[in-house]
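Trainee: Could you look at this predicted model? Sequence included:
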Amino acid sequence: MCQACHRTRDGYPAGIVTINGNFALSHVSELLNLVRHREREENREHPEHRIMRIEEKPDAIVIETTDVHLPHAIGEALHDAFKGSLKFRYPEESYFVEVKWNRES
């Protein structure tokens, strides 16, 4: 079983993208189309770079991934297309990234 399949089975993401803000919450389908498109592009060259789960919460969209590169690519794609605020956090001594994208209007 590949590493991505292990992470998915165990529910242990390597990356999390959190999307929030008024703009984001009123353009969910448009944002998710961009996210899925970026996943397909990344997956062509790196089959283990996958979205594990997308959860739509009342105040945010949370995306869990199997690697640390896809969240970075998703964050950059959101920022390039829609501007807003983009932050990355790479905790020391772990294979994990947290990406936060926000746009209020």
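Mentor: That came through fine. Residues are numbered from 1 along each chain as shown.
Trainee: where does Thr18 land in three-state SS?
Mentor: Three-state call for Thr18 (DSSP: H, G, I helix; E, B strand; the rest coil): strand.
Trainee: Check the one 5 residues further on too.
Mentor: Following three-state DSSP, the label given to Phe23 is helix.
Trainee: number of nearby residues for it?
Mentor: For Phe23, the neighbour count with other Cβ atoms under 10 Å is 16. To be clear about C-beta, it is placed using only N, CA and C from the backbone, and glycine gets the same treatment.
Trainee: need the helices for the chain, in chain order.
Mentor: 3-10, 22-26, 28-45, 69-82 (DSSP state H).
Trainee: out of the ones you listed, deepest packed?
Mentor: Counting by mean count of other Cβ atoms under 10 Å, helix 69-82 has the highest mean neighbour count of these, with a mean of 19.
Trainee: got the angle between it and helix 28-45?
Mentor: 130 degrees (axes from the mean of the first three to the mean of the last three Cα atoms, to 10 degrees).
Trainee: Off-centre distance for helix 69-82?
Mentor: Helix 69-82 sits 8 Å away from the centroid of its parent chain (Cα atoms, centre = their mean, to the nearest Å).
Trainee: Likewise for stretch 65-83?
Mentor: 6 Å.
Trainee: Also stretch 34-50?
Mentor: 11 Å.
Trainee: Stretch 25-44 now?
Mentor: The answer for stretch 25-44 is 9 Å, by Cα atoms, centre = their mean.
Trainee: which residues are in contact with it?
Mentor: 17, 19, 24, 49-51, 54, 56, 59-61, 63, 69-70, 73-74, 77-78, 81-82 (Cβ atoms under 8 Å, 6 or more residues apart in numbering).
Trainee: same check, this time on stretch 92-104
Mentor: 13-24, 68, 71-72, 74-75, 78-79, 82-91.
Trainee: what do you get for stretch 56-74?
Mentor: 3-4, 7-8, 13-20, 24-25, 28, 31-32, 35, 38-39, 41-42, 46, 48-55, 88, 90, 95-99.
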